[in-house]
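Chemist: Coordinates for the following, if possible.
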Amino acid sequence: MSARRMLRWLLVVQACAAVAIALACRYWLGFAPWAALACGLGAVLLVRLVINMNNFVLSACYASPTPREYRLGAGARLRLLGEEFVSSMLHSSWHMPRASGCRRIHPGSRAVPVLLVHGYGCNSGYWRYLMPRLDARRISHAGIDLEPMGGAIDDYVPLLERAVNELCAATGAPRVAIVAHSMGGLVARAWMRVHGSARVARVITLGTPHHGTALANFGPGANAAQMRRSRGEASDWLRALAASEDAARRALVTSIFSHHDNIVAPQTSSVLAGARNIALGGIGHVALGCNGRVLDTVMAELEALPAAEPALLLVDDDAFMLELLRDSVEGQGWRVLTAASGEEALALLANEPVAAIVSDHLMPGMSGAQLLAEARRLAPASFRILLSGSPDEAAITAALACGDADRFLTKPWRAEALLALLREGFATQDGRGV
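Modeler: Numbers count the residues shown, from 1 in each chain. Predicted coordinates:
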């Protein structure tokens with residue numbers, strides 16, 4: 001079952017309970033209609049509040065010592081409880097039941113794109129408060145839904161791999177940043193264990209139980225079992241995950257956590273050796289996704305990443321001409337890739353996001369026009385330029401007419417003309433395939 005469906009059913013159950021209580025108050029106790037309705041709604045809210053408070057009580061039983069500078073007074077504790085309760089109600093009763101995935105590609109943006117990965121029992125609606133900030137900075141982003149809800153963490157790895165590939169293809173970026181809440185951070189680490197970290201600019205985790213949480217012992221599902229912590233020890237799965245990582249991979253992670261997390265206990269379970277660990281206080285687990293201090297910290301981490309360089313692919317079977325092409329276009333703010341045949345170019349396109357392609361037409365085997373037709377399918381956002389000394393050839397005319405090729409340049413080409421076309425292409429290609 002998906003989190004969306006489960007939350008909608010819970011809303012139905014809560015609504016039925018509120019109506020039943022209201023009818024009982026109206027016809028059995030003689031309450032006025034408005035008072036009966038208030039009792040029904042109040043009873044449901046009270047149950048939700050008790051569940052929320054119970055999480056704080058349980059987490060306190062397994063809590064790590066709170067550093068002196070993070071200890072709270074009575075007023076701050078009330079604000080902590082109030083923010084977490086309101087956040088839980090809004091997310092579970094409004095944002096997540098209505099969510100249907102999210103994806104926003106900003107044309108021309110060179111900011112590293114962001115993949116949003118939610119936590120246990122949630123969906124992409126969790127990121128309702130971060131997405132407007134990403135849009136304001138023109139940061140392309142996409143969210144995924146980890147389904148089925150109770151599946152094993154390793155089973156989510158193919159979903160994450162597909163989402164990374166799609167986001168790279170849509171933006172032309174070679175790497176992505178991953179922002180993950182709770183269990184989502186473990187999914188990101190499990191994905192890197194399988195697929196490596198070459199496409200990772202940064203992994204930012206919010207309240208992730210890197211060493212498990214005692215409260216997972218009360219949760220159903222294979223994923224909850226993997227996050228369990230008992231007798232002060234993380235699960236076998238978590239220990240195996242940690243053993244698979246080297247210092248370089250850990251250095252890619254920023255772990256943001258709260259010393260007052262009401263789901264991750266002990267709270268220092270979010271501290272990951274070798275990572276950049278950022279401690280906060282006075283914030284609950286669900287509220288990590290909407291608290292202003294947390295969101296400011298996430299945006300600061302993202303904005304510190306160097307801008308992504310778009311990739312340019314040059315294709316020519318003549319080694320001398322290929323080197324001449326490369327010399328003409330290097331040093332212009334894009335990464336230059338080369339291929340000596342159409343087949344080699346397609347193999348590269350299958351694994352590397354490319355923003356622009358310049359291909360000779362007359363090549364043995366696959367022609368340039370044929371290559372660009374395939375490139376249009378594999379990388380629809382790419383800007384495609386065809387080179388040839390035979391401008392009147394029917395295949396070139398057809399490629400330009402149907403859109404497989406965006407521009408044509410006659411050989412021998414001039415470097416100034418080629419650079420002008422490339423700048424035009426890089427300025428417009430991001431808007432495609434959105």
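
Chemist: residues in contact with L362?
Modeler: G368, S388, G389, S390 (Cβ atoms under 8 Å, 6 or more residues apart in numbering). From N, CA and C alone the C-beta is placed, and that goes for glycine too.

Chemist: Spatially nearest residue to the second one, not counting backbone neighbours?
Modeler: Spatial nearest neighbour of S388, excluding adjacent residues (Cβ to Cβ, 6 or more residues apart in numbering): H361 at 3.7 Å.

Chemist: which parts of stretch 44-52 are buried?
Modeler: Applying a neighbour-count criterion of 16 or more other Cβ atoms under 10 Å, one finds V44, R48, N52 buried in stretch 44-52.

Chemist: Equivalent analysis for stretch 251-270, please.
Modeler: For stretch 251-270, by 16+ other Cβ under 10 Å, it's 252-270.

Chemist: ends of it, how far apart?
Modeler: Stretch 251-270 has an end-to-end distance of 15 Å (Cα to Cα, to the nearest Å).

Chemist: just checking, T208 touches G184?
Modeler: Yes: contact criterion Cβ atoms under 8 Å: T208 and G184 qualify, at 7.3 Å.

Chemist: shared neighbours, those two?
Modeler: When contacts are counted by Cβ under 8 Å, 6+ apart, T208 and G184 have G119 as shared neighbours.

Chemist: what about the strands in the chain?
Modeler: 102-104, 114-117, 141-144, 176-181, 200-206, 229-230, 233-234, 253-258, 276-280, 311-315, 335-339, 356-360, 383-388, 407-410 (DSSP state E).

Chemist: Report the rounded mean pLDDT for the first one.
Modeler: Throughout strand 102-104, pLDDT has a mean value of 91.

Chemist: for it, the distance to its chain's centre please.
Modeler: Relative to its chain's centre, strand 102-104 lies at 10 Å (Cα atoms, centre = their mean, to the nearest Å).

Chemist: Then the fourth one?
Modeler: The gap between where strand 176-181 is centred and where its chain is centred comes out at 5 Å by Cα atoms, centre = their mean.

Chemist: pull the CA atoms of the helix or strand bottoming out on mean pLDDT in the chain into PDB?
Modeler: Lowest by mean pLDDT, DSSP states H and E among the helices and strands of the chain is helix 415-428, with a mean of 87. Output of helix 415-428 as PDB, limited to C-alpha atoms (Å, rounded to 0.1, in the frame of the first residue of the first chain):
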ATOM      1  CA  ALA A 415      35.300  28.300 -34.900                       C
ATOM      2  CA  GLU A 416      33.400  31.600 -34.300                       C
ATOM      3  CA  ALA A 417      30.300  30.300 -36.100                       C
ATOM      4  CA  LEU A 418      30.400  27.000 -34.200                       C
ATOM      5  CA  LEU A 419      30.800  28.700 -30.800                       C
ATOM      6  CA  ALA A 420      27.900  31.000 -31.600                       C
ATOM      7  CA  LEU A 421      25.600  28.100 -32.300                       C
ATOM      8  CA  LEU A 422      26.800  26.300 -29.100                       C
ATOM      9  CA  ARG A 423      26.100  29.300 -27.000                       C
ATOM     10  CA  GLU A 424      22.600  29.500 -28.500                       C
ATOM     11  CA  GLY A 425      22.100  25.900 -27.800                       C
ATOM     12  CA  PHE A 426      23.200  26.000 -24.200                       C
ATOM     13  CA  ALA A 427      20.900  29.000 -23.600                       C
ATOM     14  CA  THR A 428      17.800  27.100 -24.800                       C
END
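
Chemist: residues of it that come out buried?
Modeler: L418, L421, L422, G425, F426.

Chemist: and what of stretch 72-84?
Modeler: Those would be L80, L81, E83, E84, for stretch 72-84 by 16+ other Cβ under 10 Å.

Chemist: which residues sit against the least confident helix or strand of the chain?
Modeler: 107-108, 310, 312, 325, 328-329, 332, 334, 355-356, 358, 383, 385, 406-407, 409.

Chemist: Now do the helices in the stretch 51-200 of the chain.
Modeler: Counting by DSSP state H, counting those that start in this stretch, the stretch 51-200 of the chain has these helices, from start to end: 74-90, 96-98, 131-136, 157-171, 183-195.

Chemist: Please name every helix or strand in contact with the longest one.
Modeler: With contacts defined as 3 or more Cβ pairs under 8 Å, 6 or more residues apart in numbering; DSSP states H and E, helix 74-90 has these neighbours: helix 33-61.

Chemist: go on, the last one?
Modeler: The criterion is 3+ Cβ pairs under 8 Å, 6+ apart, and the helices and strands that helix 183-195 contacts are strand 114-117, helix 157-171, strand 176-181, strand 200-206, helix 236-243, strand 253-258.

Chemist: by contact count, what packs against the third one?
Modeler: What that stands for is strand 176-181. Checking 3+ Cβ pairs under 8 Å, 6+ apart, strand 176-181 ends up next to strand 114-117, helix 157-171, helix 183-195, strand 200-206, helix 292-303.

Chemist: Could you rerun that using 7 Å?
Modeler: Secondary-structure packing of strand 176-181 (3 or more Cβ pairs under 7 Å, 6 or more residues apart in numbering; DSSP states H and E): strand 114-117, helix 157-171, helix 183-195, strand 200-206.

Chemist: how about the CA coordinates for the longest one, as PDB?
Modeler: These are the backbone C-alpha positions of helix 157-171, laid out as PDB (Å, rounded to 0.1, in the frame of the first residue of the first chain):
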ATOM      1  CA  VAL A 157      17.400   1.500  -4.600                       C
ATOM      2  CA  PRO A 158      16.200   0.900  -8.200                       C
ATOM      3  CA  LEU A 159      13.600   3.700  -7.700                       C
ATOM      4  CA  LEU A 160      16.300   6.000  -6.600                       C
ATOM      5  CA  GLU A 161      18.600   5.000  -9.500                       C
ATOM      6  CA  ARG A 162      15.900   5.700 -12.000                       C
ATOM      7  CA  ALA A 163      15.100   9.000 -10.500                       C
ATOM      8  CA  VAL A 164      18.700  10.100 -10.500                       C
ATOM      9  CA  ASN A 165      19.000   9.100 -14.200                       C
ATOM     10  CA  GLU A 166      15.900  11.000 -15.100                       C
ATOM     11  CA  LEU A 167      16.900  14.100 -13.300                       C
ATOM     12  CA  CYS A 168      20.300  14.100 -14.900                       C
ATOM     13  CA  ALA A 169      18.800  13.600 -18.300                       C
ATOM     14  CA  ALA A 170      16.200  16.400 -17.800                       C
ATOM     15  CA  THR A 171      18.800  18.900 -16.600                       C
END
